[in-house]
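>>> with the sequence up front, the predicted model follows.
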Protein chains: 2
Amino acid sequence: MHILIIGAAGMLGRKLTQRLVRDGATDALTLADVVPPETPAGFTGTATCLAADLSAPGTAAQLIAGRPDVIFHFAAIVSGEAEAEFEKGYRINLDGTWALFEAIRQAHLADGYFPRVVFASSIAVVGAPLPFPIPDDFHTTPLTSYGTQKAISELLLADYTRHGFFDGIGIRLPTICIRPGVPNKAASGFFSNILREPLVGQPAVLPVPDTIRHWHTSPRSAVGFMIHAATMDTAAIGPRRNLSMPGLSATVGEQIEALRRVAGDKAVALIRREPDPFITRMCESWAPGFEATRARALGFTAEDSFDDIIRVHVEDELGGTL
Amino acid sequence: MHILIIGAAGMLGRKLTQRLVRDGATDALTLADVVPPETPAGFTGTATCLAADLSAPGTAAQLIAGRPDVIFHFAAIVSGEAEAEFEKGYRINLDGTWALFEAIRQAHLADGYFPRVVFASSIAVVGAPLPFPIPDDFHTTPLTSYGTQKAISELLLADYTRHGFFDGIGIRLPTICIRPGVPNKAASGFFSNILREPLVGQPAVLPVPDTIRHWHTSPRSAVGFMIHAATMDTAAIGPRRNLSMPGLSATVGEQIEALRRVAGDKAVALIRREPDPFITRMCESWAPGFEATRARALGFTAEDSFDDIIRVHVEDELGGTL
């Protein structure tokens, strides 16, 4: 099984690679990103690691030259950057994705190539005002260029799949929590920061009220979505190829109470409230949660409680103990 | 008021041009299409008629060189052609539209140009299975490349508008009925044929059962939508810039009974039933009708009965009498 991961150097790309290697799911990996991904430790198959800009002419054709059986496409610039740099956002997040789909179509027309394509979409395809929970058939009216680019990519994926050029699935990822690593500049970073930092005795800033409700899943579940999308029987999906994934809807207050149960009052005391009206307004426009009825029926699963999300982090990032 | 109409040689483009001239709404018209549009009869202002392929490099910039205040964009290849000719469909229906939006953005960045842009979208942005009526917040999961291209254009329009590059509105047109002219090859043509032909004593073929329900509006109402979109206060719309227009939901049987009331049994007797399972299956996947709550609240209006739709045809196409 030859697997191509585009965006392999990112957090999810690396975790997916590790999981595929650990599971023995692949004997050939092509790993691409704007910076060259690392060869995965312990992998005994063939690994090809490439620095590649998907939107550059010819790059997509080059990436699929070895005709990978499964393609995971994570590559994107993030929401804030796509909003601030309009042209760059469309080039990377839309032109790049379309170039990939076009390269596959050309290969399909040339030699019948027909890979499974798993596309990382986002809950940013919906925009406020939003119901709670958001039903599967809710319209995509994004309020960011990033969300627009993801929504357009979803439409292309469904149409190329309908025409039989490849077997595509779009995975609308919830916000990943607890995101490992160091605090980043993303406006949504605090959802992870207020758990990850206190778990290791570090302070964290909470810029929004405890009542803010959002939609979360662990990195482990997100990787699980990708694996399931790559291996499931796609006949059951039908032509609506983009699926809102299951996740956990929780308020910030519920996150904090889960932290208290897992790590105690001392951890919670490390959260410093510094209300930020700008971030609060942004959060109020974000998705509070989805029904994800179709995805659950198709076998996608996620955590049922924030305690579980924190335990996953402790197991996967902190060696299993606090 | 300088007005640009792209797709001006088509049925709606010509009717819109006539209406604008009749109303004295414009002193400068730029009319573009793949074939050069005719200079409108009786127009005393400046008319520039151009043969133009919007998807060709530089064409969009040329079309807006005179900085029209309002741009109507109708240009598209039809559903059947976009499905059969995949590359051509994306080139004309998506690249062309995107090129127009990009040319306006460049002009905006250069000199603050900020036109009203009225985009003719389609009910083909939704795909079966469909509820009846279809709510305004129903997702766009098109089952044709044409519908995909319209849905993507809607997303681009909303994002470019949100960024302040132009003031855009997408108008999801119902099926136009009664379409004037001669019977065409469109699979939906019979909805008009079974009324238009018997009204002038000609036979018409009905390929589907009387129970098929669909969503209609007259050419006059469609032109009315465009005029209203061009002149309304857009502040009331908010960021969800694509609107399902009001229309009339009717079964084929209800169409026929309206024909009987307006033109008698003799007209109805000219309809010959020749069931076509292929066309019937297609029709069953089409939109049966929309709530169009937002568009109605924003002042868009359409016919309340098929008798009215037939009377509009008699007035506008047959000189007012049978």
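Arrived safely.

>>> in which helix or strand does A:Leu4 reside?
A:Leu4 is located in strand A:2-6, with elements delineated by DSSP states H and E.

>>> so what touches that strand?
Strand A:2-6 is contacted by residues A:13, A:16-17, A:20, A:25-33, A:37, A:52, A:54, A:63-64, A:66-75, A:100, A:230 when judged by CB atoms under 8 Å, 6 or more residues apart in numbering or on different chains. C-beta coordinates here come from the backbone N, C-alpha and C atoms, glycine included.

>>> any regions of chain A where pLDDT drops low?
Applying pLDDT under 70 to chain A picks out no residues at all.

>>> in it, which spans are helices?
Along chain A, counting by DSSP state H, helices occupy A:11-22, A:59-63, A:79-84, A:86-89, A:96-111, A:145-162, A:190-199, A:219-231, A:252-268, A:277-284, A:293-297, A:306-317.

>>> next, the angle from the strand holding A:Leu4 to helix A:219-231.
Interaxial angle, strand A:2-6 versus helix A:219-231 (axes from the mean of the first three to the mean of the last three CA atoms, to 10 degrees): 130 degrees.

>>> hmm, back to that, among the contacts of strand A:2-6, name the buried ones.
The neighbour-count criterion (16 or more other CB atoms under 10 Å in any protein chain shown) marks A:13, A:16-17, A:20, A:26, A:28-33, A:37, A:52, A:54, A:63-64, A:68-75, A:100, A:230 among the contacts of strand A:2-6 as buried.

>>> narrow these to those in strands?
If you go by DSSP state E, the buried ones among the contacts of strand A:2-6 have A:Ala28, A:Leu29, A:Thr30, A:Leu31, A:Ala32, A:Asp33, A:Val70, A:Ile71, A:Phe72, A:His73 in strands.

>>> I figured the third one was touching A:Asp69, is that so?
This points to A:Thr30. No: assessed by CB atoms under 8 Å, A:Thr30 is found out of contact with A:Asp69, at 11.0 Å.

>>> find the closest residue to chain B in the stretch 1-150 of chain A.
In the stretch 1-150 of chain A, no residue comes nearer to chain B than A:Thr148, which is 4.2 Å away by CB to the nearest CB.

>>> how about the residues of the stretch 1-150 of chain A by chain B?
A:Phe86, A:Gly127, A:Asp136, A:Asp137, A:Phe138, A:His139, A:Thr140, A:Thr141, A:Pro142, A:Leu143, A:Ser145, A:Thr148 (CB under 8 Å from any CB of the partner chain).

>>> among the helices of chain A, which comes closest to B:Asp304?
Nearest of those to B:Asp304, taken as CB to CB: helix A:145-162 at 33.7 Å.

>>> who are the packing partners of that closest one?
Secondary-structure packing of helix A:145-162 (3 or more CB pairs under 8 Å, 6 or more residues apart in numbering or on different chains; DSSP states H and E): helix A:79-84, helix A:86-89, helix A:96-111, strand A:116-122, strand A:167-173, strand A:242-244, helix B:145-162.

>>> and the angle from it to helix B:145-162?
Using the same axes, to 10 degrees: helix A:145-162 against helix B:145-162 is 180 degrees.

>>> next one: helix A:145-162 to chain centre, how far?
Using CA atoms, centre = their mean, to the nearest Å, the distance from the centre of helix A:145-162 to the centre of the chain it belongs to is 15 Å.

>>> helix A:96-111 and that one, what's the angle between them?
Orientation of helix A:145-162 against helix A:96-111 (the same axes, to 10 degrees) gives an angle of 10 degrees.

>>> put the alpha carbons of helix A:145-162 into PDB.
Only the C-alpha atoms of helix A:145-162 are listed here, as PDB (Å, rounded to 0.1, in the frame of the first residue of the first chain):
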ATOM      1  CA  SER A 145     -11.400  33.100   3.200                       C
ATOM      2  CA  TYR A 146      -9.900  30.000   4.700                       C
ATOM      3  CA  GLY A 147     -13.400  28.600   5.200                       C
ATOM      4  CA  THR A 148     -14.400  29.600   1.700                       C
ATOM      5  CA  GLN A 149     -11.400  27.800   0.200                       C
ATOM      6  CA  LYS A 150     -12.200  24.700   2.100                       C
ATOM      7  CA  ALA A 151     -15.900  24.800   1.100                       C
ATOM      8  CA  ILE A 152     -14.900  25.300  -2.600                       C
ATOM      9  CA  SER A 153     -12.400  22.400  -2.300                       C
ATOM     10  CA  GLU A 154     -15.200  20.200  -0.900                       C
ATOM     11  CA  LEU A 155     -17.400  21.000  -3.900                       C
ATOM     12  CA  LEU A 156     -14.600  20.200  -6.300                       C
ATOM     13  CA  LEU A 157     -13.900  16.900  -4.500                       C
ATOM     14  CA  ALA A 158     -17.500  15.900  -4.700                       C
ATOM     15  CA  ASP A 159     -17.800  16.700  -8.400                       C
ATOM     16  CA  TYR A 160     -14.500  15.000  -9.400                       C
ATOM     17  CA  THR A 161     -15.600  12.000  -7.400                       C
ATOM     18  CA  ARG A 162     -19.100  12.000  -9.000                       C
END
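
>>> quick one, what contacts the closest residue to A:Ala9 other than its chain neighbours?
In space, and not counting its chain neighbours, A:Ala9 is closest to A:Asp33: 3.6 Å by CB to CB, 6 or more residues apart in numbering or on different chains. Neighbour list for A:Asp33: A:Ile6, A:Gly7, A:Ala8, A:Ala9, A:Gly10, A:Gly13, A:Leu50, A:Ala51, A:Ala52, A:Ala75 [criterion: CB under 8 Å, 6+ apart].

>>> farthest-apart pair in these, please.
A:Gly10 and A:Leu50 (14.5 Å).

>>> for the spatially closest residue to A:Asp159 that is not a sequence neighbour, which residues are in contact?
Once flanking residues are discounted, A:Asp159 sits nearest to B:Thr148: 4.2 Å by CB to CB, 6+ apart. Applying CB under 8 Å, 6+ apart to B:Thr148 gives the contacts A:Leu155, A:Leu156, A:Ala158, A:Asp159, B:Pro142.

>>> and whichever residue of the stretch 151-300 of chain A sits closest to chain B, how far from B:Val268?
Nearest to chain B in the stretch 151-300 of chain A, going by CB to the nearest CB, is A:Asp159, at a distance of 4.2 Å. Distance, A:Asp159 to B:Val268, by CB to CB, to the nearest Å: 40 Å.

>>> check A:Phe306 too.
Counting by CB to CB, the gap from A:Phe306 to B:Val268 is 66 Å.

>>> more neighbours: which of those two?
A:Phe306 (24 against 15; other CB atoms under 10 Å in any protein chain shown).

>>> burial count for the nearest residue to that one once chain neighbours are set aside?
Once flanking residues are discounted, A:Phe306 sits nearest to A:Ala258: 3.5 Å by CB to CB, 6+ apart. A:Ala258: 20 surrounding residues under other CB under 10 Å.
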